[in-house]
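Peer 1: Sequence below, structure please.
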Amino acid sequence: MEKESDDVSNIHNRFSLTLVNPSSHYFSLFVSLGVATIISLATLLGYLGNNIEDVWYVIPAVVTVLFLTQLLDTRFTKKKEYSKSLHSSLFANMLWAATVLLGLLASFVLGKETSLFFVTFGMILFASFRIGIYTTTLGVSLKKAWAICFVQPLAMFAVLVPQDLWIPMLSDPMTLFYGISFMIIASVWSVLTDRAGRPGMESTHKTIQAYLASQKNDHTEAEEIMEQRSSETKVATSQIRLSANNGKKEFRMVLPEIHPGPYHPVGGSNIPYLIYKNLSSSAMVMHSISDHALNLPSKNEVENYLKNLENSKVKEEGLQCTEPVTVQINKARVIGLLFGKNPLLFLSLSPHGMEDIPNYMKNDIEQYAKNRNYSKPLIVDCHNAMGEEISNEDGEDMLKAAKSCLDTLITKDSFPIEFGYANSDDMDVWTEDLGMGGLGIVCLKINDKKYFLGWADANNMENGVREKIIDLFTRKDMQLLEICTSDTHYAPVKARNRNGYYQLGLITSAEKLAKWYLEIASNAESNTATAKFEILENETEVKVMGQGIYEDYSKALDNSLKITKGFLIGGVIFFITSLFL
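Peer 2: Residues are numbered from 1 along each chain as shown. Coordinates of the predicted model:
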């Protein structure tokens, strides 16, 4: 799975490219109007030599035409999105403005007369840019892009430039040579980038368009593309169910083999919360040792998985478990409890952090447990600190700690279990770094000692937050064993940062989180009751995305960026030659 991890990381590292667009369409609207004003002033004063008193009315006319054509532009696009029309207009206008300003600068530096070539050339560059944008992100065919690419820039040009100059400026041979060359360059670039992912990905542009649509909560196309590439497989889900002897309450710790994702709001991105709600909000949905190859591609597969979760079978039950065992080897920490013959292990590097624990470690731990006559171990990736892929050294330490913990658990006595559970459902804990499932605490009373386990429906935790919360619990003489996150890929708001999400503790302070956890822990502690445990297992056949799709996406991104880089360098060099005309 190392290759799959590299592909996912590569795709994730490109996420920052989506932050180029302004966060608000109002920003693009007003700035584009401002840039149009700069183009107008540079043309009227710098190239045409007019007095502002004589031509001031041209500026509001150009701005008005731009505003109206931005509205008209929405009629040409696949999704009729005004915001995308504004964003593309902003960057195209900036390209035109840069051309006319650089033309003036070249005239000054080289000591030559200003040339209206740069006004017309900038207008055609505007149109060339629209060919690229319309075909890649707005879902317009190349033929249609050529037909409509001049609508906005030519309308602005017609208002900006005196009528008697239209024909001479538009028929200038050098202008036509450079302008048509860039339009051809834009078209060739569009064709090549669309084919960059073949044969694995038929159309890079359609995939980009589906992704952009999904960011507006229209996830149909993205899920269709992903589901076509997905394959059916059997995935397991393990649970520990604690049921009060009086039959009035129960709690479940769930370890789904599927992985949250691929990204909000597509597929199983919010699967931890959906499982949580499916179990009457009395559950902790943990991050098992799994990776993005086990993402559910669509809402249909999510519903299929949830429906079949009801068919879980009891594999073992009992009334006792051991006290927790903690093993720390360098950065690696493993906490374990034993329910009958079923060890429950919590793996973490916090506060140092890591990416998803690789599958080979799960296989190694399961084999070691089998050799010690354990039943299937329940292994939790606590996912409670940010970091890179686990190093070989830390991985070896983690395996040693897990095996040592298993060896120690064999020697431990078991005691009757009491449990209490509480969550934040009745509390005001909404925050941008927390998913819909909120926070939860289970209190385990074993051998007259109380142990707390915290959970958050969040995508990882800010480094050090876990330690601060545990420290505050310790000051209250309360033993908080661990805090785990679900690794949800649900995002309450769009995070405009490199990660694409806010990890728990980035927005909300550790002190506030600790206060919430303490309140929940108090509620859990107050309603403890004697219980029995049941180990539940389920196997469901669902479609998962698999490794190949990430390889193809990664390849398409890399190839597209290489092509773009080459065309950009060549285009800039070609543009620079125009400054010496």
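Peer 1: you'd agree residue 235 is in a helix?
Peer 2: No: Residue 235 is assigned strand when assessed by DSSP: H, G, I helix; E, B strand; the rest coil, not a helix.
Peer 1: I'd say residue 140 and residue 80 touch.
Peer 2: No: in this structure, residue 140 is not within contact of residue 80 by C-beta atoms under 8 Å, at 11.9 Å. To be clear about C-beta, it is placed using only N, CA and C from the backbone, and glycine gets the same treatment.
Peer 1: For those two, indicate the residue with more neighbours.
Peer 2: Ranked by neighbour count (other C-beta atoms under 10 Å), residue 140 and residue 80 place residue 140 first, with 23 against 12.
Peer 1: and that one, how far is that from residue 77?
Peer 2: For residue 140, the distance to residue 77 equals 7 Å [C-beta to C-beta, to the nearest Å].
Peer 1: Please identify every residue contacting each of those two.
Peer 2: Common neighbours of residue 140 and residue 77, counting by C-beta atoms under 8 Å, 6 or more residues apart in numbering, are residue 134.
Peer 1: so how far is the helix of greatest length in the chain from its chain's centroid?
Peer 2: As assigned by DSSP state H, the longest helix anywhere in the chain is helix 548-578. Centre-to-centre, helix 548-578 and its host chain are 23 Å apart (C-alpha atoms, centre = their mean, to the nearest Å).
Peer 1: helix/strand/coil for residue 239?
Peer 2: Strictly by three-state DSSP, residue 239 counts as strand.
Peer 1: from now on call the first residue 21
Peer 2: OK, 21 is where the count begins now, so the last one is residue 259.
Peer 1: Quick check: pLDDT value at the nearest residue to it once chain neighbours are set aside.
Peer 2: Of all residues not flanking residue 259 in the chain, residue 556 sits nearest, at 4.0 Å (C-beta to C-beta, 6 or more residues apart in numbering). Note on residue 556: pLDDT of 98.
Peer 1: hang on, residue 556 is in a strand, isn't it?
Peer 2: Yes: the assignment for residue 556 by three-state DSSP puts it in a strand.
Peer 1: dump the residue contacts of it.
Peer 2: 258, 259, 260, 261, 272, 332, 333, 334, 335.
Peer 1: One more: residue 272?
Peer 2: By C-beta under 8 Å, 6+ apart, residue 272 lies in contact with 259, 260, 261, 262, 299, 302, 303, 304, 556.
Peer 1: Can you classify it as helix, strand or coil?
Peer 2: Assigned by three-state DSSP, the conformation of residue 272 is strand.
Peer 1: The residue nearest to it when sequence neighbours are not counted: how many residues sit nearby?
Peer 2: Leaving aside its sequence neighbours, residue 272 sits nearest to residue 303 (C-beta to C-beta, 6+ apart; 4.4 Å). By other C-beta under 10 Å, the residues close to residue 303 number 25.
Peer 1: There's contact between residue 303 and residue 271 in this structure, I believe.
Peer 2: Yes: with contact defined as C-beta under 8 Å, residue 303 reaches residue 271; the gap is 6.9 Å.
Peer 1: Put the alpha carbons of stretch 208-219 into CSV.
Peer 2: This file holds the C-alpha atoms of stretch 208-219, laid out as CSV (Å, rounded to 0.1, in the frame of the first residue of the first chain):
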residue,chain,number,x,y,z
VAL,A,208,-3.1,22.6,-28.2
TRP,A,209,-2.5,22.9,-24.5
SER,A,210,-6.2,22.1,-23.8
VAL,A,211,-6.1,19.0,-26.0
LEU,A,212,-2.9,17.7,-24.5
THR,A,213,-3.9,18.3,-20.8
ASP,A,214,-7.3,16.6,-21.4
ARG,A,215,-5.5,13.5,-22.6
ALA,A,216,-2.8,13.6,-19.9
GLY,A,217,-4.3,10.8,-17.9
ARG,A,218,-4.9,8.3,-20.7
PRO,A,219,-5.3,5.4,-20.9
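Peer 1: and the longest helix of the chain, average pLDDT?
Peer 2: For helix 568-598, the mean per-residue pLDDT is 95.
Peer 1: elements contacting it?
Peer 2: In terms of contacts (3 or more C-beta pairs under 8 Å, 6 or more residues apart in numbering; DSSP states H and E), helix 568-598 is packed against helix 22-33, helix 137-156, helix 193-214, helix 224-234, helix 240-249.
Peer 1: and the angle from it to helix 193-214?
Peer 2: In terms of direction (axes from the mean of the first three to the mean of the last three C-alpha atoms, to 10 degrees), helix 568-598 departs from helix 193-214 by 170 degrees.
Peer 1: now the angle between helix 240-249 and helix 568-598, please.
Peer 2: Going by the same axes, to 10 degrees, helix 568-598 makes 120 degrees with helix 240-249.
Peer 1: Mind listing what's buried along helix 568-598?
Peer 2: Across helix 568-598, burial judged by 16 or more other C-beta atoms under 10 Å covers 569-580, 583, 587, 591, 595, 598.
Peer 1: what residues are up against the residue nearest to residue 272?
Peer 2: 271, 272, 273, 274, 295, 296, 460.
Peer 1: Could you tell me which residues make contact with residue 233?
Peer 2: Contacts of residue 233 (C-beta under 8 Å, 6+ apart): 99, 239, 240, 241, 242.
Peer 1: these two touch, right, residue 134 and residue 124?
Peer 2: Yes: when contacts are counted by C-beta under 8 Å, residue 134 is listed as touching residue 124 (6.4 Å).
Peer 1: where do the contact lists of the two overlap?
Peer 2: 66, 67.
Peer 1: As a check, name the ranges of all helices in the stretch 421-570 of the chain.
Peer 2: Assigned by DSSP state H, counting those that start in this stretch, the helices in the stretch 421-570 of the chain fall at 485-495, 530-546, 568-598.
Peer 1: Export the helices and strands packed on helix 568-598 as CSV, with columns for distance to residue 351 and mean pLDDT.
Peer 2: Output for the helices and strands packed on helix 568-598, formatted as CSV (distance: least, C-beta to C-beta, whole Å; pLDDT from 0 to 100):
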stretch, distance to residue 351, mean pLDDT
helix 22-33, 19, 67
helix 137-156, 43, 97
helix 193-214, 42, 98
helix 224-234, 36, 91
helix 240-249, 35, 94
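Peer 1: right, so of those helices, which gets closest to residue 492?
Peer 2: helix 22-33 (32.5 Å; C-beta to C-beta).
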